[in-house]
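In: Predicted structure and sequence below. I'll ask about it afterward.
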Amino acid sequence: MGIVAVRELEEQLVHVEGRHEALAAEPVLPALNAPIAAEREYFYVVERGPVPAQEGEAPANAVRLRGQTLIDLERGRFEDAPTVAQSKQLMRLLINHSLDGQELATRALVRDMMTLTPGPSPKGEGNQS
C-alpha cells in the first residue's frame, strides 16, 4: 500500500473516530485549544485525539507520537522516517479499535500464506534418458 493510500485510509479512520478536528489545517489540541508543538510528545488516545504525553507508558488505547508526526500527518508529508513509523503505529491502533477485537481478514490470509510451503520438486522426473 502506497503512502497516498495510507494517508487516505488514515483520514477515513480519523473521520470515523470523530477526531478530525485533531488534524486541522493548523494542528491544535482540541481539549486545550493549544497548537501542537513539533518538539513535544503526545499520546494519541482513541476517541479523544492527541493529548500532551506524561512520563511513563502510553495508556492501552493510545500511542505515543511526536508533535512533528502529528503536523506531518496533517500536511500529508511522509519523508521523515520517524513520521512513517509512528503513522503505522497510529494506523494499527485505529484499525484494531475499529475492528473491535476481530482479526483483519488480510492478516489471517497473509499468516496462512506464510505457513504454506511448496512441496519438494522430484529430481529427474520427466528427464529420464
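Out: Structure's in. What do you need?
In: what stretches of the chain score poorly on pLDDT?
Out: The model of the chain has pLDDT under 70 over residues 1-32, 117-129.
In: Just give me the neighbour total for residue 61.
Out: As a burial measure, residue 61 scores 14 neighbours (other C-beta atoms under 10 Å). In short, each C-beta sits where N, CA and C put it, glycine included.
In: Correction: the previous question concerned residue 85.
Out: By other C-beta under 10 Å, the residues close to residue 85 number 11.
In: SS state for it?
Out: Three-state call for residue 85 (DSSP: H, G, I helix; E, B strand; the rest coil): helix.
In: Return the distance of it relative to residue 109.
Out: 24 Å (C-beta to C-beta, to the nearest Å).
In: what does residue 95 give?
Out: Taking C-beta to C-beta, one finds residue 95 at 15 Å from residue 109.
In: neighbour count winner among the two?
Out: residue 95 (14 against 10).
In: That one contacts residue 104, correct?
Out: Yes. Taking C-beta atoms under 8 Å as the definition, residue 95 is a contact partner of residue 104 at 6.6 Å.
In: ok so residue 63 is a helix residue?
Out: No. Counting by three-state DSSP, residue 63 falls outside a helix, being strand.
In: My guess is it contacts residue 87. True?
Out: No. In this structure, residue 63 is not within contact of residue 87 by C-beta under 8 Å, at 10.0 Å.
In: List the buried residues in stretch 54-61.
Out: residue 58 (16 or more other C-beta atoms under 10 Å).
In: Next, please give the residue ranges for the helices of the chain.
Out: In the chain, the helices defined using DSSP state H lie at 3-17, 67-75, 81-99, 105-115.
In: okay, these in TSV with distance to residue 59 next?
Out: Converted to TSV, the helices of the chain look like this (distance: least, C-beta to C-beta, whole Å):
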stretch	distance to residue 59
helix 3-17	15
helix 67-75	17
helix 81-99	11
helix 105-115	24
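In: Please identify the most buried of those.
Out: helix 67-75 (a mean of 21; mean count of other C-beta atoms under 10 Å).
In: quick check: angle from that one to helix 81-99?
Out: 70 degrees (axes from the mean of the first three to the mean of the last three C-alpha atoms, to 10 degrees).
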